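In: Sequence first, predicted coordinates after that:
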Amino acid sequence: MPRVGGDISTETFESLYERTFPRVYAYVSSLLRDRSAAEDVTAQAFERAYRKRRAYRPGRGSPEQWVFGIARNAALDELRRRKRQVDLHAEPEDTGAPTAEDHAELSLRREVLRAAMAGLDGQERDLVGLKFMGGLSNAEIARVLATSESNVGTRLHRTITKLREACHERA
Amino acid sequence: MSEHDAVIDTQLAAIDEALRSGAATAPDEAERELQALALALAADAPEADPAFATELGERVRSGFPRPPRLAWLPRPGIPQLAGLGVAASILAAVVVAASLIPAGDDEESAGGGGGAAEVAAPPSGSTQDDGAIARSIAPGQPPRAPDGFAPGRRERAIERTASLTLAAPGNRLDRVADGIATVTERFGGFVLRSSLGTGDEGTSGGSYELRIPEARLQPALRDLAELGEVRSRSQTGEDVTSEVVSAADRLQAARAQRRGLLRRLESADTDTEVEALRAQLDVNAREISGLRSTLRGLRVRTNYATVAVQLEADGDDSSFGGGSDEEGLSGALDDALGTLSGSLELTVRALGAAIPLGLLAALGWAAARTARRRRRAAALT
């Protein structure tokens, strides 16, 4: 657990990494839509967090939220650095390998959902990524995005309602 | 809270509950549908390649080792960078503050308004750049004169003079007299003439004629003024460029004439002719010698300013402590107050420059941060 006082020791950082890695990767991957770039940015984000671990201040939010903030900045920097318009409206990459247990109906629902996701704009996808890929609470998302919790709730509700309607249209 | 807001809150709470429990169990159909959607989104999260996860995990456990080649390089942290920034700001502030201190404000800083100080402005053409040639001369060494001056050129030859009347209590005159010699020596000058009057109680006054390198005249005058109460002060500057140019031209012509006479002497055929040429050469040599002496004198006059210091006894000894027993402590207190005052003045000036610089830096930092945040956000639009 992070020590009160702002420093995150190496041992604590390892546990922080174990707790957050899958979610950070999922979030970064959903933003960048490029497996290789997502790996680079995820590694870069954790290394950056490790180097800056003494700069962490508990008063500014949880360690998870802090790591997600760093990962988000790294991902957005990567988007800008590549200087190409990443099509956030495109259909998400199928990063999970299909399994024999995949039911036809489940696959169909997943396709419908991904198609609906393609109708979201970048900021909405960012919000969905933080909430459902990153598993952050609305308060933590508000800290990451530097906005209020109520604003996050409103935008999140609007986005998920939009997704539901899109799913209905496509079903 | 409106009914709509209440519905939103309920549905958001239902979503969070589904994400926690992993099941869509809300009694309301709409809420259950949103729960199912949230679960589907969470289930659709991309998963990392296990090999990548293992490799990154190892890097985390080993503390993200740096390449050995760069390991010895110190990486300045935020405190070090902040310290460097503060030091740079203070240095900049001191430089700015020092540049704001006017060169001719000694009446206020040293004299305390004791007399009618008079500062005569130098004549036109006498600018700060006039002494550029002399400034290149090391203190205490005879300055090397330029190769020549021409009217209209930037390098003007200015002969500067200054006079200063200092007053001090009779029992401090000896100390002031010593101070005059010390200051003169410190700035690479010399005392050309001095006279000290003596009375029943020791030194009663005196006069000094100093030569101080022109380039260091202003700081020397400042230090001299701090030795006592300034009762009057004046400075003048006379442009002698034309005299220098004229003498240099005539010297050049005389040397050319000498070369011609020597050539004619080599080819002279008769004794009469030789004698006549030698006589002309003698006249020419005297002319060259005189012109060189003139130029040398002009160089000394322009490279060294003449400073006349008049030292007078102040009748009111009480202002400096009066009795001889108390004079040491009083003088020390006076000096200490003067030093403290000077330090405070410099501090205030430095703060006056540092505070705006700090505000500007803070604004710049905030603006850069906002711009960076907006640029990043623009990647999502």
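Out: Perfect, I can see it now.

In: ok, and what's touching stretch B:172-187?
Out: B:139, B:166, B:168, B:190-191, B:194, B:196, B:202-206, B:208, B:210, B:212-213, B:216, B:219-220, B:223-224, B:227-228, B:309, B:311, B:313, B:320, B:327, B:331 (C-beta atoms under 8 Å, 6 or more residues apart in numbering or on different chains). Using the backbone N, CA and C atoms, a C-beta is placed for each residue, glycine as well.

In: which among the residues you listed end up buried?
Out: B:166, B:168, B:194, B:203, B:205-206, B:208, B:210, B:212-213, B:216, B:220, B:223-224, B:227-228, B:309, B:311, B:313, B:320, B:327, B:331 (16 or more other C-beta atoms under 10 Å in any protein chain shown).

In: Just the contacts of stretch B:172-187: which are in strands?
Out: Residues of the contacts of stretch B:172-187 located in strands (DSSP state E): B:166, B:168, B:190-191, B:194, B:196, B:202-206, B:208, B:210, B:212-213, B:309, B:311, B:313.

In: which residues does the residue of the stretch 151-300 of chain B found nearest chain A contact?
Out: Going by C-beta to the nearest C-beta, chain A is nearest to B:Pro219 of the stretch 151-300 of chain B, at 47.0 Å. The contact partners of B:Pro219, by C-beta under 8 Å, 6+ apart, come to B:Phe187.

In: Next one: it relative to B:Val245, how far apart?
Out: 30 Å (C-beta to C-beta, to the nearest Å).

In: show me where chain A has strands.
Out: Going by DSSP E, chain A shows no strands.

In: Pass me the low-pLDDT residue ranges in it, would you?
Out: A:1-7, A:10-11, A:82-108, A:171 (pLDDT under 70).

In: ok, 50 please
Out: A:1-5, A:85-92, A:94-98, A:100 (pLDDT under 50).

In: What is the burial count for B:Leu41?
Out: 23 (other C-beta atoms under 10 Å in any protein chain shown).

In: In terms of helices and strands, where is it?
Out: helix B:29-43 (DSSP states H and E).

In: ok, now B:Ser163?
Out: Counting by DSSP H and E, B:Ser163 is part of strand B:158-169.

In: so what secondary structure elements neighbour that strand?
Out: If you count contacts as 3 or more C-beta pairs under 8 Å, 6 or more residues apart in numbering or on different chains; DSSP states H and E, strand B:158-169 packs onto helix B:173-186, helix B:217-225, strand B:229-239, helix B:271-303, strand B:304-314.

In: and of those, who's closest to A:Arg23?
Out: Relative to A:Arg23, the nearest member of those by C-beta to C-beta is helix B:217-225, separated by 67.8 Å.

In: Now do the contacts for the closest residue to A:Pro22 other than its chain neighbours.
Out: In space, A:Pro22 comes closest to B:Ala48 once its chain neighbours are excluded; the distance is 6.6 Å by C-beta to C-beta, 6 or more residues apart in numbering or on different chains. Going by C-beta under 8 Å, 6+ apart, B:Ala48 touches A:Phe21, A:Pro22, A:Tyr25, A:Ala26, A:Ser29, A:Glu39, A:Thr42.

In: does B:Ala48 sit in a helix, a strand or a coil?
Out: Judged by DSSP: H, G, I helix; E, B strand; the rest coil, the three-state class of B:Ala48 is coil.

In: sorry, back to before: just the CA atoms from the next helix or strand after the helix holding B:Leu41 would do, formatted as PDB, please.
Out: Going down the chain from helix B:29-43, the next helix or strand is helix B:50-61, by DSSP H and E. Coordinates of each C-alpha in helix B:50-61 appear next as PDB, following Å, rounded to 0.1, in the frame of the first residue of the first chain:
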ATOM      1  CA  PRO B  50       1.100 -12.700 -21.800                       C
ATOM      2  CA  ALA B  51       4.700 -12.500 -23.000                       C
ATOM      3  CA  PHE B  52       4.500  -8.700 -22.900                       C
ATOM      4  CA  ALA B  53       3.000  -8.800 -19.400                       C
ATOM      5  CA  THR B  54       5.800 -11.100 -18.200                       C
ATOM      6  CA  GLU B  55       8.500  -8.900 -19.700                       C
ATOM      7  CA  LEU B  56       7.100  -5.700 -18.300                       C
ATOM      8  CA  GLY B  57       6.600  -7.300 -14.900                       C
ATOM      9  CA  GLU B  58      10.200  -8.300 -14.800                       C
ATOM     10  CA  ARG B  59      11.200  -4.700 -15.600                       C
ATOM     11  CA  VAL B  60       9.000  -3.400 -12.800                       C
ATOM     12  CA  ARG B  61      10.600  -5.900 -10.300                       C
END
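
In: just checking, what packs against helix B:50-61?
Out: helix A:10-32, helix A:35-51.

In: Would you reformat the ones you listed as CSV and include distance to B:Thr370 and mean neighbour count?
Out: Shown next, in CSV, are the helices and strands packed on helix B:50-61 (distance: least, C-beta to C-beta, whole Å; neighbours: other C-beta atoms under 10 Å in any protein chain shown):
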stretch, distance to B:Thr370, mean neighbour count
helix A:10-32, 22, 21
helix A:35-51, 21, 20
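
In: For the helices and strands packed on strand B:158-169, give me TSV that also has distance to B:Ala42 and mean pLDDT.
Out: As requested, the helices and strands packed on strand B:158-169 are arranged in TSV below (distance: least, C-beta to C-beta, whole Å; pLDDT from 0 to 100):
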stretch	distance to B:Ala42	mean pLDDT
helix B:173-186	81	88
helix B:217-225	76	91
strand B:229-239	84	89
helix B:271-303	86	90
strand B:304-314	86	89
